[in-house]
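A.B. asks: below is the structure, and that's it, no one-letter string:
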């Protein structure tokens, strides 16, 4: 008789954003006249840049003609894209990453969720608290955690690294040993960033302890300040201890196009086994490449024209972050983030619970945000707003929040 | 210290098609003047149909305009696509499958590889021998098998179901119990099909024994004969024991666009747990939806115009299958398949090993096929040719084979 993977039964409720979606749909159904503004899920709102649209049309035409039609893509991605990424995102920043250390995929969420597969279920994971739910849930599914502890609001057997006001939402290296350490900077959900010298300490620790750092840099395009690293590979020795996830979603508005990549240096070995080769094998067996047309779109994001258009788009989201920050300041909120990052992390007023504040905001201001506690117990009494709305909606949302 | 998933070390060599690719590249490098014809990997060669190209352009334009831009797709797929699939592929064939039992994905290979995750690692799997390597390899990676037995050429702890000339390449229900049974019809690699009354026996067996059938119907578009089922859900009671994988790759030439879907009926429960809900949770956590533009392309494949164009394309591949069959007959080969299926399964001449015949064909005829043994030990002395080449190349390949 077939048996299910009962690790799935340890998972708590629905995936955070599915729960939010359901609450919003129910509210909308009951109040069809209200105009709801979504500053919750980190989804972009600006259309894809013209240079990328042109590249898509061109690639679509290629698919429609016999002489230029493309079938299966290479499992690990087309060279034209891997080469340009290696050059523009890594070599130009002094990182020694080669094209064949870059694995093209359909997005950082998939890669972040799947990467744990190539590691033993015996490994202990460390995550920030609060944290993007995918890191933890994918490990729960694989049986790398114990049951959920209702009192603590955490899974047993996981090393949680609190990110608090006191440490500026940058975790300390944990006292307990962890084999796989998930870090995300600029951070989702707090918008915090890490300085290069601080990140270097993590790299040194990982190399010393034989840990692997799983570094989510999906929001690197929002970095403005000089001493904030765009890649963990800017740190010395990262190539023997780190894997990095990157995304076109927030950089170039690809949430609905699906494109990302993962960097695994060939120098990263465990007991003599190349982690790069394990991931290549996984990609070859369970994945079939990102669509050709989408890879061409990704390439266009690196062209001079495409890059200029993207920088302008990101600039608009950064403007929204400023509008939110100014609005919150005027309304007397404590908050952080929004600089080098598209997320603003605010303290709920009067020590309200995150979900109470979610309901208040939905019902009284018709604004959707994300309850901090959905990212972990240290997110309780916090709330995440995103800068990905339209300028007009962001201004209106802040007006409504100020009037609460 | 981080540890790798050492189940990966049980895997044999490279993924079959990577090995073939390497051999072909090496031959090409040494003989740049030779014109190689590929009838190996099951990749299509005809350009995407005009109605689908139009839909892609239209969707790309939507992504470029603020008022029609689409961000994250719904995790499980857009309703417009799920609805039309439910109607055209299932209701029209008398199958009771609803739109919300259809999960849109980036292809059947990914779904076939990932589906095992939602089942316990304690389950015993049964697979055909020969078999599409993804079913077995994904289970090896998850630790659902023992080591590879070099003598048998099989993994320990797996129930292999021989598909031979004697049983017409349709396996018998195994004497040993298996929890998860992978079936693929029309079959890859043998091109065999199963009659509806035979498939009903498997469904009855699975319902009786509490097994789950993982039914790969990626090649259903090639079915011509009346009594060959297009879906396992044509069988009575399949909704309580079966999951079906479908693909746009071979149906509509989407190998390079990436689109497929998996059907999990809500009635499929194990110990009261909905398998449908487990897969929804997996999709929500580790996947982020197929690109909007590709889902619109999928929708166009069901339009009157799109359907007519696709039928014409498939007709051309079927013509190729006939050309191969006639060529093999003229050259005195024993073979099967090629009717209701794009694959031809031939017996190597003079009892040659599959890889020796691969080398012979590559070196003497400059034709690439797939060694049967790459699909399992019962594939030894067999060889797979595909009908996905161009007509011109297929004719030339058969001329060369006839002259061997």
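C.D. replies: Arrived safely, thanks for sending. From a predicted model like this one, the values you see are computed outputs, not experimental measurements.

A.B. asks: tell me how many other residues crowd residue A:181.
C.D. replies: 27 (other CB atoms under 10 Å in any protein chain shown). The way it works is simple: take the backbone N, C-alpha and C, and place the C-beta from them, glycine included.

A.B. asks: is it in a bridge, and if so with what?
C.D. replies: Residue A:181 has these beta-bridge partners by DSSP bridges: residue A:126, residue A:213.

A.B. asks: my read: it touches residue A:213, true?
C.D. replies: Yes: with contact defined as CB atoms under 8 Å, residue A:181 and residue A:213 form a contacting pair (5.0 Å).

A.B. asks: if I look at residue A:297, how far off is chain B?
C.D. replies: Distance, residue A:297 to chain B, by CB to the nearest CB, to the nearest Å: 9 Å.

A.B. asks: and that residue, that's in a helix?
C.D. replies: Yes: according to DSSP: H, G, I helix; E, B strand; the rest coil, residue A:297 belongs to a helix.

A.B. asks: enumerate every residue touching it.
C.D. replies: A:48, A:52, A:55-56, A:59, A:254, A:257, A:259 (CB atoms under 8 Å, 6 or more residues apart in numbering or on different chains).

A.B. asks: quick revisit: give me the common contacts of residue A:181 and residue A:213.
C.D. replies: Contacts common to residue A:181 and residue A:213, judged by CB under 8 Å, 6+ apart, are A:202, A:206.

A.B. asks: and residue A:246, which of the three is it?
C.D. replies: Going by three-state DSSP: residue A:246 is strand.

A.B. asks: what number of residues lie near it?
C.D. replies: Residue A:246 - counted by other CB under 10 Å - has 26 other residues nearby.

A.B. asks: neighbour count for the contacts of residue A:297 - can I get that in JSON lines?
C.D. replies: Shown next, in JSON lines, are the contacts of residue A:297 (neighbours: other CB atoms under 10 Å in any protein chain shown):
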{"residue": "A:48", "neighbour count": "29"}
{"residue": "A:52", "neighbour count": "30"}
{"residue": "A:55", "neighbour count": "25"}
{"residue": "A:56", "neighbour count": "24"}
{"residue": "A:59", "neighbour count": "24"}
{"residue": "A:254", "neighbour count": "25"}
{"residue": "A:257", "neighbour count": "29"}
{"residue": "A:259", "neighbour count": "27"}
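
A.B. asks: in those, find the pair that's most separated.
C.D. replies: Checked with CB to CB, those reach their widest spread between A:59 and A:254, with 14.2 Å between them.

A.B. asks: so what's residue A:390 scoring on pLDDT?
C.D. replies: pLDDT recorded at residue A:390 is 93.

A.B. asks: in contact with it, which residues?
C.D. replies: The neighbours of residue A:390, taking CB under 8 Å, 6+ apart as the test, are A:45-46.

A.B. asks: and residue A:246, how close does it get to chain B?
C.D. replies: Taking CB to the nearest CB, one finds residue A:246 at 15 Å from chain B.

A.B. asks: hang on, isn't that residue packed against residue A:254?
C.D. replies: No: taking contacts as CB under 8 Å, residue A:246 lies outside contact range of residue A:254: 11.3 Å.

A.B. asks: wasn't residue A:327 part of a helix?
C.D. replies: Yes: counting by three-state DSSP, residue A:327 is located in a helix.

A.B. asks: what's the pLDDT at it?
C.D. replies: Looking at residue A:327, its pLDDT reads 97.

A.B. asks: for residue B:386, see how far away it is.
C.D. replies: 61 Å (CB to CB, to the nearest Å).

A.B. asks: more neighbours, the two?
C.D. replies: Higher neighbour count among residue A:327 and residue B:386: residue B:386, with 31 against 21, using other CB under 10 Å.

A.B. asks: what's opposite that one in the beta bridge?
C.D. replies: residue B:343.

A.B. asks: OK, contacts around it?
C.D. replies: Taking CB under 8 Å, 6+ apart, one finds B:39-42, B:342-344, B:369-370 in contact with residue B:386.

A.B. asks: let's go with 7 Å and repeat that
C.D. replies: Counting by CB atoms under 7 Å, 6 or more residues apart in numbering or on different chains, residue B:386 makes contact with B:39, B:42, B:342-343.

A.B. asks: also residue A:400?
C.D. replies: By CB under 7 Å, 6+ apart, the contact list for residue A:400 reads A:365-367.

A.B. asks: ok, which stretches of the stretch 201-350 of chain A are helices?
C.D. replies: For the stretch 201-350 of chain A, helices defined by DSSP state H, counting those that start in this stretch occupy the ranges A:249-252, A:275-286, A:292-300, A:304-330.

A.B. asks: of the ones you listed, which approaches residue A:31 most closely?
C.D. replies: Across the helices of the stretch 201-350 of chain A, the minimum distance to residue A:31, taken as CB to CB, is reached by helix A:304-330, at 23.5 Å.

A.B. asks: which other helices and strands does the closest one contact?
C.D. replies: With contacts defined as 3 or more CB pairs under 7 Å, 6 or more residues apart in numbering or on different chains; DSSP states H and E, the packing partners of helix A:304-330 are helix A:50-63, strand A:343-347, helix A:391-402.

A.B. asks: compute the inter-axis angle for that helix and strand A:343-347.
C.D. replies: Angle, helix A:304-330 to strand A:343-347, by axes from the mean of the first three to the mean of the last three CA atoms, to 10 degrees: 10 degrees.

A.B. asks: would you indicate which residues of helix A:304-330 are buried?
C.D. replies: Using 16 or more other CB atoms under 10 Å in any protein chain shown as the test for burial, helix A:304-330 gives A:306-307, A:309-310, A:313-314, A:317-318, A:320-321, A:323-325, A:327-328.
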